[in-house]
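A.B. asks: Model the structure of this input:
(one chain, ligands or ions: 1)
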Amino acid sequence: MSVLPILEFPDPRLRTRAEPVRVFDAKLKQFVADLFETMYAANGVGLAATQVDVHQRVLVADMSDDRKQPLALINAQILEKEGSQVYQEGCLSFPGLYADVTRALKVKVKAQDLDGNEIVVEAEGPLAVCIQHEMDHLDGKVFVDYLSSLKRALLLKRLDKQRKQAASA
Ligand code: NI
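C.D. replies: Numbering: from 1, shown residues only. Predicted coordinates for the structure are as follows:
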């Protein structure tokens, strides 16, 4: 397994729309293992293939405290959404940046597992946020797209400042 480099905003490759996965082979299993390793190494709770510059509809998540509930979704599609929630989100492509985003409270998602079998996942609360956030990445969308332009400008300025500080430290 290997830890893959994560693209950081504003890398234009984060705007790529991912293609459906059609081949469920050993290479896909290896890629998903690498995605998990990359996510865990970065202390993230979710990661989409887009973020490691692979433009296939693959996402991984693990919201558990002990990091032992890996969830991999291939070709995920939302079947149903219900309610709404505001949750403070972060993203491995925006290190150190957090913002409140409003999303559905519950989602019912149809996807495929690593062998191509259809699975249906119902998620609520933080896991529902995570799945919606990662699915957005696969469509080239990032969480700051939901903010007002003023709020987004302020956050991105802060991100820029953090980067400059990190570079000069
Ligand atoms: Ni993200």
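
A.B. asks: Tell me where this structure has helices.
C.D. replies: Secondary structure of the chain (DSSP state H): helices located at 26-41, 126-138, 149-168.

A.B. asks: and those helices as CSV, adding distance to residue 13?
C.D. replies: (C-beta placed from N, C-alpha, C; glycine too.) Formatted as CSV, the helices of the chain follow (distance: least, Cβ to Cβ, whole Å):
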stretch, distance to residue 13
helix 26-41, 16
helix 126-138, 11
helix 149-168, 17
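
A.B. asks: I would like the residues contacting the longest strand anywhere in the chain, please.
C.D. replies: If you go by DSSP state E, the chain has its longest strand at strand 71-82. The contact list for strand 71-82, computed with Cβ atoms under 8 Å, 6 or more residues apart in numbering, reads 20-21, 24, 28, 32, 35-36, 57-62, 104-114, 116, 119-121, 127, 131-132, 134-135, 138.

A.B. asks: With stretch 125-141 instead?
C.D. replies: For stretch 125-141, the external contacting residues (Cβ under 8 Å, 6+ apart) are 14-18, 45-51, 57-61, 63, 71, 73, 76, 78, 85, 87, 89, 91, 93, 101, 103-107, 109, 121, 123, 142-143, 145.

A.B. asks: Can you give the distance of that stretch from its chain's centre?
C.D. replies: The chain centre lies 6 Å from the centre of stretch 125-141; the measure is Cα atoms, centre = their mean, to the nearest Å.
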